[in-house]
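In: Have a look; sequence and predicted model below, questions after that.
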Amino acid sequence: MGVSDKLSQISRRDLFKLAGQYGMSSTLMAAGTFGGAMSLANLASAAESTYERRFAKEAKYNLKFGAAGFNARNLLIERAGALEFARDLEARTDGEIRIEFIGDNQICGQTSCVEKTQQGIVDIYAASTQNSAGGAPYLNVLDYAYMFRNRADQYHFLYSPASMRLLREPYEKRHGLKFLFSHAELRGIQLGLNWEDKPTVTSVEQLAGTKNRVTGTQLGRIAMEALNLNPVPIAWEETLDGLKQGLIDGAETWASAVAYANMAPVVSQSVHLNFFCGTEHTAMSASVFDGLEGYLQDAVMESAYWAQTHVQAANEVALINTVGQSDPQLPNTIFAQNNVRNAFLSAEEIKKAEEMCSPEYQPALWEEWRERLNGWSGGLDTYQEIYDEVRTIDANTLPENVEPRRWWKG
């Protein structure tokens, strides 16, 4: 049974009934611990023991976690680590911090979670950095085209002390948010059903002139325009309909996003252009963090580190076993069940795309944004420094072999 079917045996009504009894957070945290099928009775007893453990004593801090469209089911497809972080932080602080997990777009969506955290409506949020870049433009710093060669580079940067001055500190100073951890994939073009009967894409030219959805990232648009991919801004929540109705040829996103958002039925080819970051991150209000006692701040950081190591291992496995991003594809994956073909481009094609759009080869396209980001960072050469930092590891490093480090300890 596929992971996405795990909760489907339990009706929405039953789920809400349990949530009414034990709270949605306890119910979701309990659901997230199941590895296989679950029955209503199983879930009820897990929710009860989770609830009893979480409410054994009075919490010192109750924090709201706005997790965009995530829930216990789809967080087992795209392993973004949000529920694991919440569970670990509660356990690590012995219940002094209690987290109310609010997913399924109930309190905020992909583009609004960042603003709701800045406004103090939620304390912690999870959404992609690209969608959050509308409300927190410094996040564009991750989106220079082909700055990261692969997922190993991304994890290496997230663990690197260099991420403090190049990403985390300017983000906190400018936007009042603390970047905790992130999942790491690279974006490509997910083609709709019009491409079902066409040959598998092998070159950048085949995509030229197609119309594709773009996120909130301003830098992503620069790359897409240079690659002749006609970026059309469409909200994540409306992308599924856009693909279904053929209003767009494809969507710029990453593989596990297609799988978790139930887009696989309307996607025929997943073209791995890998041209810039797809990072589903979790961040926290800096003022809420600063208001915690020192030992609780340490706990938040340790839970963030633990969640980062969990995501690094779990998402790499889920890409192959759950999503189906491999060649050959495993039979019961979401991609295989929905006839989504992987289009892995050759190193030569990727190089060609890089030469068409990256700051390395097309500096003029990026000048304005590069200058802006450099100014916000306090005068660092953001692109060059991140580019150089990630190339301190071998290009063939496997993502799961990147060494975890506590980035804030330098």
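Out: Good, I have the coordinates.
In: Tell me who's in contact with the most centrally placed residue in the chain.
Out: Centroid-nearest residue in the chain, with Cα atoms, centre = their mean: residue 280, separated by 1.6 Å. If you count contacts by Cβ atoms under 8 Å, 6 or more residues apart in numbering, residue 280 has them with 78, 80, 126-128, 182-183, 257. In short, each C-beta sits where N, CA and C put it, glycine included.
In: Now with 7 Å, please.
Out: 78, 80, 126, 128, 182-183 (Cβ atoms under 7 Å, 6 or more residues apart in numbering).
In: again, but for residue 350
Out: residue 274.
In: Give the helix, strand or coil label for it.
Out: The three-state label given to residue 350 by DSSP: H, G, I helix; E, B strand; the rest coil is helix.
In: from here on, count from 33
Out: Happy to do that; since the first residue is 33 now, the last one works out to residue 382.
In: if we can go back for a sec, farthest-apart pair in the contacts of residue 312, please.
Out: 110 and 214 (11.6 Å; Cβ to Cβ).
In: Quick one: distance of stretch 128-140 to the chain centre.
Out: 17 Å (Cα atoms, centre = their mean, to the nearest Å).
In: Now it - C-alpha only, CSV.
Out: The C-alpha trace of stretch 128-140 is given here as CSV (Å, rounded to 0.1, in the frame of the first residue of the first chain):
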residue,chain,number,x,y,z
GLU,A,128,7.5,23.2,28.2
ILE,A,129,7.0,24.1,24.6
ARG,A,130,3.8,22.8,23.1
ILE,A,131,3.1,23.2,19.3
GLU,A,132,-0.3,23.6,17.7
PHE,A,133,0.2,22.2,14.2
ILE,A,134,-2.2,23.8,11.7
GLY,A,135,-1.8,22.4,8.1
ASP,A,136,-4.1,21.9,5.2
ASN,A,137,-4.0,25.7,4.4
GLN,A,138,-6.3,26.3,7.4
ILE,A,139,-4.4,29.3,8.8
CYS,A,140,-2.0,30.2,6.0
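In: any idea what sits nearest residue 251, other than its immediate chain neighbours?
Out: Nearest residue to residue 251, sequence neighbours excluded (Cβ to Cβ, 6 or more residues apart in numbering): residue 175, at 3.7 Å.
In: Would you map out the domains in the chain?
Out: As given by automatic domain parsing, the domain ranges for the chain are 33-88, 89-442.
In: mean pLDDT for those domains: which is lowest?
Out: Mean pLDDT across those is lowest at domain 33-88; the value there is a mean of 79.
In: List the residues that contact the closest residue to residue 386 other than its chain neighbours.
Out: Residue nearest to residue 386 in three dimensions, not counting chain neighbours: residue 178, with 4.3 Å by Cβ to Cβ, 6+ apart. Shown in contact with residue 178 (Cβ under 7 Å, 6+ apart): 307, 386, 390.
In: rerun that using 10 Å as the cut-off
Out: For residue 178, the contact set (Cβ atoms under 10 Å, 6 or more residues apart in numbering) comprises 218, 255, 305-308, 382-383, 385-393, 419.
In: out of the residues you listed, which are inside strands?
Out: Of those, the ones assigned to strands by DSSP state E are residue 218.
In: Of the contacts of residue 178, which count as buried by neighbour count?
Out: Among those, the ones that count as buried by 16 or more other Cβ atoms under 10 Å are 218, 255, 305-308, 382, 385-386, 388-392, 419.
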